[in-house]
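**Student:** Here is my input, please return the structure:
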Amino acid sequence: MPAVSQETPARPRTRRETRAHGGPASALVARAVRDSRTLTVVFTYLFLVYSFVQPVGYRRIYTTQASREEFARSFGENSGLRLLYGEPHNVATVDGYTAWRVGGVLAIAAAAFGVLMAVRALRGEEDAGRTELTLAGIVSRRTAYLSALAAIGIATVILWAAEFAGFALGQLPIAGSAYLALATVSVIPVFTGIGAVASQLAPSRRIAAEIAGGAVGLFFLLRVVADTVSAAGWLRWATPLGWAEEMRPFADARPVVLLLPVVASVLLLWLAARLGATRDIGSGLLPERRGGSGMALLSSPVAQALRSQRDSLIAWAGSFAVFAFILGTVASSVSSNGIPAGVNRQVAKLGVGSLTTPAGYLALIFFVYVLGVSLFACAQVGAARREEADQQLETLLALPVGRIGWLNGRLLLGAVAAALICLLIGLCTWAGAAAGGTSVQAGQMLEAGLNCLPAALLFLGVAALAYAAVPRASAAIAYGLLVLTFLWQAVGALVGAPGWLTGLTPFAHIGLVPTQPFQAAGAAVMIGIGVAAAGVGLAVFRRRDLIA
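**Tutor:** Model prediction:
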């Protein structure tokens, strides 16, 4: 009689063994880090490059102490520039200038990063249905919540290291560089807390992003008022963006101010955890906004796309309008200051002419607007990808809606919205310039605004092709190509790269109105490539499977 093998029953793993093998918390953190890697890489690149360029550029342009003192007199106290960079301290030195330029800009970027990460990790996971599946196992809400925060913490450390590395490569003092980077990224946990609270209040990811984005705008407005109105300096203590300024890196440092973002972050994240424990998964503490039947916005793929993206389009348009007006008001104050010849020579390489004239300054900001509108175009294709990834597209295509009609509607909406935003930019820049005392023709500014459209349509088509061919990597491809080509033109022009090399980027074929004439041939080629790329993308999308 054959021997009967006796198997030892499986022994459940002890808590110590679970910790040794990572456990569910480690798996959740690792997955959250992977899911957010594209966003983290983009912001890491921004923090590294921007923090490196500022001290290097300052040394290269202002080579003598006299030129730096002149800069401090002409630009350091300019009320218009305070709108963008905040209150200057010790800007006649490389350290002080870098703290002013980097701290003001990257603090805003850090706020946006914190909100995006929190809403994606908390509300986005719920809307996609993954949180419910995760909690159906042995994972508690507390573990899932803390795992998401741990992933955001890892990303925050990466951004700090990137900014610190940029300063170190730019030959700034090590200790001061570490403190300046810390002051900048201290904004992230505060706005992560704001995004986390918004994720508990809102009934959907979109509304959570709107609430948190509105908070970013409000705190930025408070910082602007504090930095531009002498009697309102106390408002700087009412905004996390002002706390980053009050830490004063490289200028009478105040490390005790760091307690403010620490306390605020802990309170906000604790509040978000308590609110999250009182609601059902997939719902929000605030009631969902319901309008009428809204059948007028369900009559076609274009109307449906407008219905789903209406609030987002309003937010984009409003942001462009506000910044265009603000930058327009600065035109006269910037051009009237004594700008060193070195700055003029460097900027002129971009083809914008002389910054000593309002036209040269306006051409420079419209060069940046081209990038902004192109980012908007890529975001429209990204919204289509999210609809597919969240499995909403499957339900929509079960109705009498074809694939080509749906994607065509998305692309048409993106193109029309981009054109309207270009017109809005031109009109608001003209209004701001007129309010600031700069004489400029409205028709010329509208032409400069529409000059942003060909590049936007090019990248809209490229993003559509990437979405159709490689949907999961489409965001990285679209945004990566856009940033790469923009920097290719900007850096290549500044360092004097050969014309054939910079000519490979579409930004080299844009006539920067008002200092240059509109380049019709270049615009036609860009639009043609964009339409062709979109056509190929439609053909590919028609044949591939839907991918979550």
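**Student:** Run through the residues that contact residue 475.
**Tutor:** 38, 378, 382, 385 (CB atoms under 8 Å, 6 or more residues apart in numbering). Bear in mind the C-beta positions are built from the backbone N, C-alpha and C, glycine included.
**Student:** From residue 428, how far out is residue 372?
**Tutor:** 13 Å (CB to CB, to the nearest Å).
**Student:** Tell me which of those two has more neighbours.
**Tutor:** More crowded of residue 372 and residue 428, by other CB atoms under 10 Å: residue 428, with 22 against 19.
**Student:** secondary structure element for the residue nearest to residue 95 when sequence neighbours are not counted?
**Tutor:** Once flanking residues are discounted, residue 95 sits nearest to residue 250: 3.8 Å by CB to CB, 6 or more residues apart in numbering. Residue 250 belongs to no helix or strand when assigned by DSSP states H and E.
**Student:** give the contact list for residue 250.
**Tutor:** Contacts of residue 250 by CB under 8 Å, 6+ apart are 89-90, 93, 95-96, 98-99, 176, 180.
**Student:** sorry, back to before: residues that sit against both of residue 372 and residue 428, list them.
**Tutor:** In contact with both residue 372 and residue 428: residue 320, using CB under 8 Å, 6+ apart.
**Student:** returning to what we had before: which one of the contacts of residue 250 sits closest to residue 231?
**Tutor:** For the contacts of residue 250, the minimum distance to residue 231 (CB to CB) is 19.5 Å, reached by residue 89.
**Student:** Would you agree the closest one is in contact with residue 254?
**Tutor:** No: between residue 89 and residue 254 there is no contact under CB atoms under 8 Å: 11.1 Å.
**Student:** before we move on, back to that, can you tell me which of the contacts of residue 475 has the most neighbours?
**Tutor:** For these, the largest number of neighbours (other CB under 10 Å) sits with residue 378, at 24 neighbours.
**Student:** Torsion angles phi and psi at the residue nearest to residue 95?
**Tutor:** Backbone torsions for residue 250, taken as degrees, to the nearest 10, come to phi 60, psi 20.
**Student:** Counting neighbours, what do you get for residue 218?
**Tutor:** 11.
**Student:** Can you name every helix or strand that the helix or strand harbouring it contacts?
**Tutor:** Using DSSP H and E, the element containing residue 218 is helix 205-228. Counting contacts by 3 or more CB pairs under 8 Å, 6 or more residues apart in numbering; DSSP states H and E, helix 205-228 packs against helix 79-85, helix 94-119, helix 187-201, helix 240-246, helix 301-329.
**Student:** Please identify which of those helices is closest to residue 66.
**Tutor:** helix 94-119 (14.9 Å).
**Student:** Can you lay out the helices and strands packed on helix 205-228 as a markdown table showing mean neighbour count and distance to residue 133?
**Tutor:** Converted to a markdown table, these look like this (neighbours: other CB atoms under 10 Å; distance: least, CB to CB, whole Å):
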| stretch | mean neighbour count | distance to residue 133 |
| --- | --- | --- |
| helix 79-85 | 19 | 44 |
| helix 94-119 | 25 | 20 |
| helix 187-201 | 27 | 18 |
| helix 240-246 | 25 | 34 |
| helix 301-329 | 19 | 24 |
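**Student:** Put together a markdown table for the ones you listed, with distance to residue 152 and mean pLDDT on each row.
**Tutor:** Formatted as a markdown table, the helices and strands packed on helix 205-228 follow (distance: least, CB to CB, whole Å; pLDDT from 0 to 100):
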| stretch | distance to residue 152 | mean pLDDT |
| --- | --- | --- |
| helix 79-85 | 26 | 64 |
| helix 94-119 | 5 | 89 |
| helix 187-201 | 5 | 93 |
| helix 240-246 | 16 | 90 |
| helix 301-329 | 23 | 79 |
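**Student:** want to throw these into TSV with distance to residue 547?
**Tutor:** Converted to TSV, the helices and strands packed on helix 205-228 look like this (distance: least, CB to CB, whole Å):
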stretch	distance to residue 547
helix 79-85	40
helix 94-119	22
helix 187-201	25
helix 240-246	38
helix 301-329	19
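**Student:** hmm, back to that, which ones among the contacts of residue 475 map onto helices?
**Tutor:** 38, 378, 382, 385 (DSSP state H).
**Student:** Return the member of the residues you listed nearest to residue 215.
**Tutor:** residue 382 (22.3 Å).
**Student:** how close does the closest one sit to residue 506?
**Tutor:** Note on residue 382: its distance to residue 506, by CB to CB, is 20 Å.
**Student:** ditto for residue 164
**Tutor:** Residue 164 is 34 Å from residue 506, by CB to CB.
**Student:** From the neighbour counts alone, determine which of the two ranks first.
**Tutor:** residue 506 (26 against 23).
**Student:** Need the phi and psi values for the more buried one.
**Tutor:** Residue 506 adopts backbone torsions of phi -60, psi -20, taken as degrees, to the nearest 10.
**Student:** Contact partners for it?
**Tutor:** Residue 506 neighbours (CB under 8 Å, 6+ apart): 455, 458, 485, 522, 526.
**Student:** what's stretch 169-186 in contact with?
**Tutor:** Contacts of stretch 169-186 (CB under 8 Å, 6+ apart): 47, 51-56, 94-95, 98-99, 102-103, 106-107, 110, 156, 159-160, 163-164, 167-168, 240, 243-244, 247, 249-250, 253, 255, 258, 261-262.
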